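Colleague: okay, structure incoming, though there's no sequence with it:
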């Protein structure tokens, strides 16, 4: 009785997965799915506590300041809207970088990656200012100076969840900035030109768009509801 040996090269010919998707891209999708479960668990936990509690701070009262406005600032959600706009624009420049990579246009890839990095750094700077401002008002893990809508004292659940979830998201933005810096260096040193493709830019783009999408849910849960 003869036996036939199937080599791995036959199964993974050309770096493709069994789903006819480039292997590295498939692994990125797996990672993003697992990360989505983590964010989902955080937000579901937050929603459970939020809607099972009789009172909750008014986001229009908590998030009404902006840089150089002083203590009497009263512009609800204006600053976080600017933060959100910055992140959305950075997602657009990431799309342009990926598109330029498909066309093997090194110059446009580099320019749009640099703009994406600047957008990420601007968002992180805004978040750092917001955290510092809230901390100066007495908000931190285990401390909540903001009253409920009805004027009654609020629990620390609000601040605990806010700093945990926005901090976790901020870490992802920071990681995305580092990844994009590495992609920019590889672009400028012709690593992708030698490979003949910019698939790594596309994978980095998937991660960046995921981070942007998660922010939409974080923004809705903490700043709008």
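Modeller: Right, received. Where do you want to start? Remember, predicted model here, so these are calculated numbers, not experimental data.

Colleague: residue contacts, residue 123?
Modeller: With contacts defined as CB atoms under 8 Å, 6 or more residues apart in numbering, the neighbours of residue 123 are 83, 86-87, 90, 173. C-beta coordinates here come from the backbone N, C-alpha and C atoms, glycine included.

Colleague: so where does it fall, helix or strand?
Modeller: Residue 123 belongs to helix 106-136 when assigned by DSSP states H and E.

Colleague: circling back to that earlier point, may I ask which of the contacts of residue 123 has the most neighbours?
Modeller: With neighbours defined as other CB atoms under 10 Å, the most crowded of these is residue 90; it has 27 neighbours.

Colleague: tilt between the helix or strand harbouring that residue and helix 106-136?
Modeller: When secondary structure is defined by DSSP H and E, residue 90 falls within helix 78-102. Taking axes from the mean of the first three to the mean of the last three CA atoms, to 10 degrees, helix 78-102 and helix 106-136 form an angle of 160 degrees between their directions.

Colleague: where does the protein dip in pLDDT?
Modeller: Along the chain, the model assigns pLDDT under 70 to residues 1-21, 70-72.

Colleague: what segments of the chain are helices?
Modeller: Listed in chain order, the helices found in the chain under DSSP state H are 8-11, 23-51, 59-62, 78-102, 106-136, 157-188, 191-195, 199-219.

Colleague: which one of these lies nearest to residue 68?
Modeller: Each of the helices of the chain was checked against residue 68 via CB to CB, and the shortest separation belongs to helix 106-136, namely 10.2 Å.

Colleague: for the closest one, what is the distance to the chain centroid?
Modeller: 11 Å (CA atoms, centre = their mean, to the nearest Å).
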